[in-house]
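K.L.:
fold the following and give me the result.
(one chain, ligands or ions: 1)
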Amino acid sequence: MIKCKQLTKRFGEFAALNSVDLSVQTGSIFGLVGSNGAGKSTLLRTLAGVYRPDGGEATVNSQQVFENREIKSKLRFVPDELRLPRGCTLLSMGRQLSGLYPAWDEAWFTELCMRFPVNEKARFQTLSKGNKRQAGLILALASRPEVLLLDEIFDGLDPVVRKLVKQLIAQEVADRQMTVVLASHNLREMEDFCDTLALLHKGGLILEKELDELSLHLQRVQAVFTQAPPIEQLKQRLCITTFEQTGSLITFVARGTREDVLKTLDEFEPTFKETVPLSLEEVFISEMEAAGYDIDKILG
Ligand SMILES: Nc1ncnc2c1ncn2[C@@H]1O[C@H](COP(=O)(O)OP(=O)(O)OP(=O)(O)O)[C@@H](O)[C@H]1O
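P.N.:
Have a look, this model is predicted:
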């Protein structure tokens, strides 16, 4: 399990991470979202042991990560801009890393090089941005890490490769209980992939929820009434987060299970009712507004 307790990281006087508490279950995929400068990369780098915390702690399996060789050998971090020594290729890097990571799997490395459309013999500097990312991920996966930390891994990848990346990671999580933390700006990308999502803002964690919990407890409902319903009473009976009325059609988002919300709505005798799925972005926006945050200022 990964844990951050009151984790703080400063650059000079500026706190890029400010007393962050979070835990990531072993064998889960944890998504970090937030606007530019929220602290996502700093959090990943601190979890990877690149930065020493200035306060609190970051642990993997109850051990501090910073300057801990044993933990670091089980963990791989793929930064958003991977830099490798001049002149090296994916193949030559693989040879070097095979001696450094005890769990390195050469057969898996060869298979990954075949499955990704990247030239393993080309000089790394000459690869495209997307191919560099793929190379970084191949090197990380081939070392069979227990913990995989990914910064904007989907950026610059085409849809076919994005799907392959998701498949491979999901397979490693299912087969070996690998734990994944990934940062992204793109909520939609995380929607069908993460078990838990956390939102960082100005170095603080403002929301952390399991995806099932997020989507099961908010319903968007459309309903039609022959006679205007008592709106205030309806709002009181249902825990409504957003409400709109266009003629006889009302649309609202309410908290609760689908069954409970529709049952309560029946008391007002609509002539028509249906629930419409909410996107993860909409769920997040409702949750943020409920927590008193101005979403436009946060997600930019
Ligand atoms: N090495 C550094 N020195 C000084 N300030 C830094 C350093 N690294 C990050 N910061 C600052 O810390 C804050 C958080 O940066 P970080 O890169 O973690 O954000 P982010 O959420 O990953 O942003 P983005 O989505 O733009 O990549 C920013 O204000 C950034 O300018």
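K.L.:
which bits of the stretch 1-150 of the chain sit near the ligand?
P.N.:
11, 16, 34, 36-42 (CB under 6 Å from any ligand atom). No exception for glycine: its C-beta is placed from N, CA and C like everyone else's.
K.L.:
could I get the residues you listed as TSV with secondary structure?
P.N.:
Shown next, in TSV, are these (DSSP: H, G, I helix; E, B strand; the rest coil):
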residue	secondary structure
Phe11	strand
Ala16	strand
Gly34	coil
Asn36	coil
Gly37	coil
Ala38	coil
Gly39	coil
Lys40	helix
Ser41	helix
Thr42	helix
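K.L.:
which residues of the stretch 201-300 of the chain fall in strands?
P.N.:
204-210, 218-224, 239-246, 249-255, 272-276 (DSSP state E, counting those that start in this stretch).
K.L.:
can I get these in CSV with mean pLDDT, distance to the ligand and mean neighbour count?
P.N.:
Shown next, in CSV, are the strands of the stretch 201-300 of the chain (pLDDT from 0 to 100; distance: least, CB to the nearest ligand atom, whole Å; neighbours: other CB atoms under 10 Å):
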stretch, mean pLDDT, distance to the ligand, mean neighbour count
strand 204-210, 86, 12, 17
strand 218-224, 91, 26, 20
strand 239-246, 86, 27, 13
strand 249-255, 89, 28, 19
strand 272-276, 91, 31, 13
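K.L.:
for the ones you listed, give me CSV that also has distance to Gln233.
P.N.:
Formatted as CSV, the strands of the stretch 201-300 of the chain follow (distance: least, CB to CB, whole Å):
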stretch, distance to Gln233
strand 204-210, 30
strand 218-224, 14
strand 239-246, 11
strand 249-255, 13
strand 272-276, 16
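K.L.:
tell me, what residue is most central in the chain?
P.N.:
Gly31 (1.4 Å; CA atoms, centre = their mean).
K.L.:
give me the buried entries from the residues of the stretch 1-150 of the chain next to the ligand.
P.N.:
16, 34, 38-42 (16 or more other CB atoms under 10 Å).
K.L.:
tally of neighbours for Glu289?
P.N.:
13 (other CB atoms under 10 Å).
K.L.:
please point out which parts of the helix or strand hosting Val160 sit buried.
P.N.:
Element membership for Val160 (DSSP states H and E) is helix 159-176. By neighbour count on 16+ other CB under 10 Å, the buried set for helix 159-176 is 161-162, 164-166, 168-169, 172-173.
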